[in-house]
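Visitor: quick one, structure for this:
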Amino acid sequence: MRFVAFQSSPRAGGNTEILLNEAIRAVKDAGEEITIFKPHLMNVAPCSNCGGCDQTGQCVINDDMEEVYKAIYEGSRFILASPVFFFGLPAQVKAVIDRCQALWCKKYLLNQPIKDDEHIREGLVILVGGMKKEIGFKCAEATATAFFRTISVGRHQSLFFPGIDAKGAIREHPTALNDVYTAAVKLIGR
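Guide: Predicted coordinates for the structure are as follows:
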């Protein structure tokens, strides 16, 4: 099993990273390896909607997305951990997701599956943010779901942690760390 994680917060040591580290700990405790991407530290240009991938399913931009594409093709379990910014995902991870337009073209326009057996690809979405209303989390989750469907993640679980804003405040949540660890164990065991 190959695990791929996206740590989508540009804030080092923040709530998103703390939560993702719990998921990573579960994966490593199970003896599995995991590839972690931190889009805010990568050279990923935004999608220019040039149409270059329409006929090939290949992005014409040459940057760090090549590593991401490789991991997506090889992966079977995916974790997206992110803060919620203005009802959405941060720009850095959104650039990564938008660049998966090439994979969307490959899958839906060219009818070439990302993975032959989509049923083995599963995911976990972890969202944390200061807002208390669920609508912001649902909007961010919709983007994460579209991303997962594009890369042929057939099903996923989502965890929301609202009302958490200050750096490190997630540690005071009564169940968050255990919830994420348990969800990651479930992801491993499927």
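Visitor: need the strands for the chain, in chain order.
Guide: In the chain, the strands defined using DSSP state E lie at 3-7, 34-37, 77-83, 122-128, 155-161.
Visitor: from residue 102, how far out is the residue in the chain sticking out farthest from the centre?
Guide: Within the chain, the residue lying farthest from the chain centre (CA atoms, centre = their mean) is residue 55, at 26.1 Å. According to CB to CB, to the nearest Å, residue 55 and residue 102 sit 11 Å apart. C-beta here means a position set from N, CA and C on the backbone, and glycine is covered the same way.
Visitor: just residue 179 next, same as before
Guide: Residue 179 sits 34 Å away from residue 102, going by CB to CB.
Visitor: so between those two, which is more surrounded?
Guide: residue 102 (21 against 16; other CB atoms under 10 Å).
Visitor: distance of that one from residue 134?
Guide: Taking CB to CB, one finds residue 102 at 32 Å from residue 134.
Visitor: and if you look at residue 96?
Guide: In terms of CB to CB, residue 96 sits 25 Å off from residue 134.
Visitor: those two - which one has more neighbours?
Guide: Higher neighbour count among residue 96 and residue 134: residue 96, with 23 against 11, using other CB under 10 Å.
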